[in-house]
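Novice: need coordinates for the below:
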Amino acid sequence: MARYIGPNTKIARKFGEPIFGPDKYFEKKKYPPGQHGNGQRRKKLSEYGVQLKEKQKAKYTYGILERQFRKIFDKANRKKGVTGTVLLQLIESRLDNVVFRLGIAPTRAAARQLVSHRHIKVNGDVVNVPSYNVKPDDIVSIRERSKSMEVIQDAIANRSNKYSWLEWDEDQMAGKFMNYPEREDIPENINEQLIVELYSK
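Specialist: Numbers count the residues shown, from 1 in each chain. Below is the predicted model of the structure:
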């Protein structure tokens with residue numbers, strides 16, 4: 001399966017919430033897509049269906065494919081701690097997500113592209129792998145020649161989100177990954193326990 005590049009609103013309507021951020025089109029049509037999307041009678045999901053839907057929502061939210069997602073879960077399952085929380089912490093520490101959280105890019109898809117196109121450095125070295133795991137105390141910065149890019153300038157000018165596990169240096173245009181976030185600090189509306197139950201079958 002290739003990465004999804006279709007209309008985001010359609011996917012947001014599928015899950016009943018704007019998982020890709022504020023969306024005026026979603027606000028107009030808050031019912032599921034399709035011919036029977038606005039119908040009153042909808043088939044109740046099974047337990048498996050609820051768990052699968054939650055996993056799909058997490059994958060679409062973070063832009064991760066199935067094989068990658070399974071690898072992250074297996075890694076989380078081997079680590080100490082609550083598996084669901086560790087899973088989200090590992091996903092949050094992906095380089096593309098950190099670039100997005102720092103406000104260097106307006107969306108995770110844009111962050112992934114910046115990383116792939118070699119505009120981002122970690123601890124002074126260019127890293128072009130979006131799934132690269134950032135460690136505590138790592139410094140994520142923008143290549144010198146890329147700092148003047150319009151998309152980066154616009155994103156930084158409009159950055160408003162501040163996260164407790166990230167520290168931003170305006171002068172250096174660089175951010176520090178302080179630590180793995182606590183579950184209550186991660187704003188995404190994901191029930192990770194359902195995902196753990198799905199993979200534990």
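
Novice: in the helix ranked longest in the chain, what's buried?
Specialist: What stands out as the longest helix in the chain, according to DSSP state H, is helix 47-62. With burial defined by 16 or more other C-beta atoms under 10 Å, the residues of helix 47-62 counted as buried are Gln51, Lys53, Glu54, Lys55, Gln56, Lys57, Ala58, Lys59, Tyr60, Thr61, Tyr62. Any C-beta I mention is one placed from the backbone N, CA and C, and that applies to glycine too.

Novice: check which helices and strands it is in contact with.
Specialist: For helix 47-62, the packing partners by 3 or more C-beta pairs under 8 Å, 6 or more residues apart in numbering; DSSP states H and E come out as helix 8-15, helix 66-78, helix 192-199.

Novice: adding mean neighbour count and mean pLDDT, write the ones you listed out as JSON lines.
Specialist: What follows is the helices and strands packed on helix 47-62, written out as JSON lines (neighbours: other C-beta atoms under 10 Å; pLDDT from 0 to 100):
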{"stretch": "helix 8-15", "mean neighbour count": "18", "mean pLDDT": "67"}
{"stretch": "helix 66-78", "mean neighbour count": "15", "mean pLDDT": "95"}
{"stretch": "helix 192-199", "mean neighbour count": "19", "mean pLDDT": "95"}
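
Novice: I'd like those helices as a markdown table, with distance to Arg101 appended.
Specialist: Below are the helices and strands packed on helix 47-62 laid out as a markdown table (distance: least, C-beta to C-beta, whole Å):
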| stretch | distance to Arg101 |
| --- | --- |
| helix 8-15 | 19 |
| helix 66-78 | 17 |
| helix 192-199 | 18 |
